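Trainee: Whatever this is, show me its structure:
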Amino acid sequence: MLDRNGLTESEFLRRYSPGDYERPSVAADTVIFTVTDADADSYRKLPEKELRVLLIRRGGHPFLGQWALPGGFVRPDETTEQAAARELREETGVEDVYLEQLYTFSDVGRDPRTWVMSCSYMALVDSGQLQLQAGDDADAAAWFKVSYRLLRERKELIDGGFIKALQYELRLSSGEIELAAVVERTVTAKPASTATSYSIVSNDGLAFDHAKIIAYAIERLRGKVNYTDIALHLMPKLFTLTELQQVYEVILDKELLKAAFRRKVADLVTETDHYTENAGHRPSRLYRRNMEDYR
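Mentor: Predicted coordinates for the structure are as follows:
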């Protein structure tokens, strides 16, 4: 077949010049979550759980010395998912873990170097597998405790719909390092469409627009934990139901009723013949993820 210029496809491709169009650089940035035990007050008390995210302190410009998500530019011979998996392996020493694409962030000016689009991912890692290490372009790598809470909400009526703006405070801490940002999520609802956008109101210590990406990932994780088995990807091979409930609670940032929670996860787990040992309290039955029956 010939096109309007009388060219076959092979002729068209021979003449095609990619330089005729502006081309962005593409990065793959990954929000890597894990859940760890906080220090217990006593031997007999179960340790509290903490949701943590991996951040890298940048060793070069731009944003020298600030903290960023692990990531890098996609290479010509790989997909964005392969790039995210590579960065995950290089930064944590683990592979074959839960990895999910979040969103493509493409705001103008999000990177001061050039036009850079970020295809972001979320990874969930069992903390017992980790071998933390910083890449060549980083000064350090550290796990930061995550806090993400609603600050204020406002709603405005528009013709046939509404605009709702919710501001969240994101706080990240690791030892004496404290990072903070305020992220606003705006929902614009009209009769025929609904659009959601994110913006950074304030930022202290996080590079690029990574506060926005982290906020997006937290909301995705909180949303999916209510109707999927996604939280089980943060668990070791064997765990107690109390430990699993703690993970749900630290993700959702609220306490759950024990009986209701156990009914909720009944189809997601399978009991084993193993029990906890040397835990300082009555042995508890251990469970594993139900791989056969869960849908």
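
Trainee: drop to CA atoms for contacts and neighbour counts, all remaining ones
Mentor: Will do.

Trainee: for the stretch 151-295 of the chain, which spans come out with low pLDDT?
Mentor: Low-confidence regions of the stretch 151-295 of the chain, defined here as pLDDT under 70, cover residues 278-281, 292-295.

Trainee: Let's see that with 90 instead.
Mentor: Residues of the stretch 151-295 of the chain meeting the criterion pLDDT under 90: 276-284, 291-295.

Trainee: residue boundaries of the strands in it?
Mentor: Applying DSSP state E, counting those that start in this stretch to the stretch 151-295 of the chain gives strands spanning 161-174, 177-190, 193-204, 269-275, 285-289.

Trainee: quick check: angle from the fourth one to strand 285-289?
Mentor: Yep, that's strand 269-275 we're talking about. 140 degrees (axes from the mean of the first three to the mean of the last three CA atoms, to 10 degrees).

Trainee: And for strand 269-275, what's in contact with it?
Mentor: The list of residues contacting strand 269-275 from outside it, by CA atoms under 8 Å, 6 or more residues apart in numbering, reads 283-290.

Trainee: Buried among those? Need that as a selection in PyMOL.
Mentor: Those of the contacts of strand 269-275 that count as buried under 16 or more other CA atoms under 10 Å are selected in PyMOL with:
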select buried, resi 286+287+288+289+290
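
Trainee: Now render the contacts of strand 269-275 as TSV, adding distance to residue 104.
Mentor: Output for the contacts of strand 269-275, formatted as TSV (distance: CA to CA, whole Å):
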residue	distance to residue 104
283	46
284	43
285	42
286	39
287	37
288	34
289	31
290	32
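
Trainee: Looking at the contacts of strand 269-275, spot the one nearest residue 223.
Mentor: The shortest distance between residue 223 and any of the contacts of strand 269-275, using CA to CA, involves residue 289 and amounts to 19.9 Å.

Trainee: hang on, that closest one packs against residue 265?
Mentor: No. Taking CA atoms under 8 Å as the contact criterion, residue 289 and residue 265 are not neighbours in contact, 10.0 Å apart.

Trainee: Please report how far residue 112 lies from residue 28.
Mentor: Look at residue 112 and residue 28: by CA to CA, to the nearest Å, they are 17 Å apart.
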